[in-house]
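1. whatever this is, show me its structure:
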Amino acid sequence: MSDLPASETKTCPWCAESIRAEAIKCRYCGSMLDPIERLRGLSQEWIRPRIGRSLAGVCAGLALHFQVSVTLLRLAFVLGFLFSGGMFLLIYVVLWLIMPNEIEAAVIHRDPD
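-> All right, here's what the predicted structure looks like:
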């Protein structure tokens with residue numbers, strides 16, 4: 001068990017050991033700790049994450065930003081496409097073009113140090 005104060009630690013969801021609050025990988029079991037949570041702090045802008053994407057990552061990025069179910073957004077886009085005469089396809093393509101990829105966003109927001 002760690003001798004860090006409780007406010008500076010969290011519990012690993014895989015092995016239940018106490019680890020640093022800012023950790024992204026458990027030092028005891030080696031498991032990655034919620035990579036989606038790490039992406040939320042990357043920027044306030046919309047990004048297309050590499051994790052959880054089906055096509056271009058537009059719905060995954062919007063779900064991450066607005067903290068809603070990606071399945072609901074995908075369903076909304078499919079239904080919108082079917083009932084709007086293709087307008088949602090145009091919206092999807094425009095979002096695909098303007099939303100930076102996760103790697104591009106990380107490079108843009110990288111600390112100079």
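2. show me where pLDDT drops low in the protein?
-> Filtered on pLDDT under 70, the chain yields the residue ranges 1-7, 32, 34-45, 52, 103-113.
3. contacts for the longest helix belonging to the chain next, please.
-> Counting residues, the longest helix in the chain under DSSP state H turns out to be helix 70-84. Residues outside helix 70-84 that contact it (C-beta atoms under 8 Å, 6 or more residues apart in numbering): 52, 54, 59, 60, 62, 63, 87, 88, 89, 91, 92. Using the backbone N, CA and C atoms, a C-beta is placed for each residue, glycine as well.
4. can you mark which positions in the helix or strand following it are buried?
-> Using DSSP states H and E, the helix or strand that follows helix 70-84 in sequence is helix 87-98. Neighbour-count burial for helix 87-98 flags 88, 92, 95 (criterion: 16 or more other C-beta atoms under 10 Å).
5. how far off centre is stretch 91-106?
-> Distance of stretch 91-106 from its chain centroid, counting by C-alpha atoms, centre = their mean, to the nearest Å, is 13 Å.
6. using PDB, write out every CA atom in it.
-> C-alpha atoms of stretch 91-106 as PDB (Å, rounded to 0.1, in the frame of the first residue of the first chain):
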ATOM      1  CA  ILE A  91     -22.700  17.300 -41.600                       C
ATOM      2  CA  TYR A  92     -20.600  14.200 -40.900                       C
ATOM      3  CA  VAL A  93     -18.200  14.800 -43.700                       C
ATOM      4  CA  VAL A  94     -17.700  18.500 -42.700                       C
ATOM      5  CA  LEU A  95     -17.100  17.400 -39.000                       C
ATOM      6  CA  TRP A  96     -14.600  14.800 -40.300                       C
ATOM      7  CA  LEU A  97     -12.700  17.500 -42.200                       C
ATOM      8  CA  ILE A  98     -12.600  20.100 -39.400                       C
ATOM      9  CA  MET A  99     -12.200  17.900 -36.300                       C
ATOM     10  CA  PRO A 100      -8.500  17.200 -35.700                       C
ATOM     11  CA  ASN A 101      -7.300  13.600 -35.200                       C
ATOM     12  CA  GLU A 102      -6.100  12.700 -31.600                       C
ATOM     13  CA  ILE A 103      -2.500  12.700 -32.700                       C
ATOM     14  CA  GLU A 104      -2.800  16.100 -34.500                       C
ATOM     15  CA  ALA A 105      -4.400  17.600 -31.400                       C
ATOM     16  CA  ALA A 106      -1.700  16.200 -29.200                       C
END
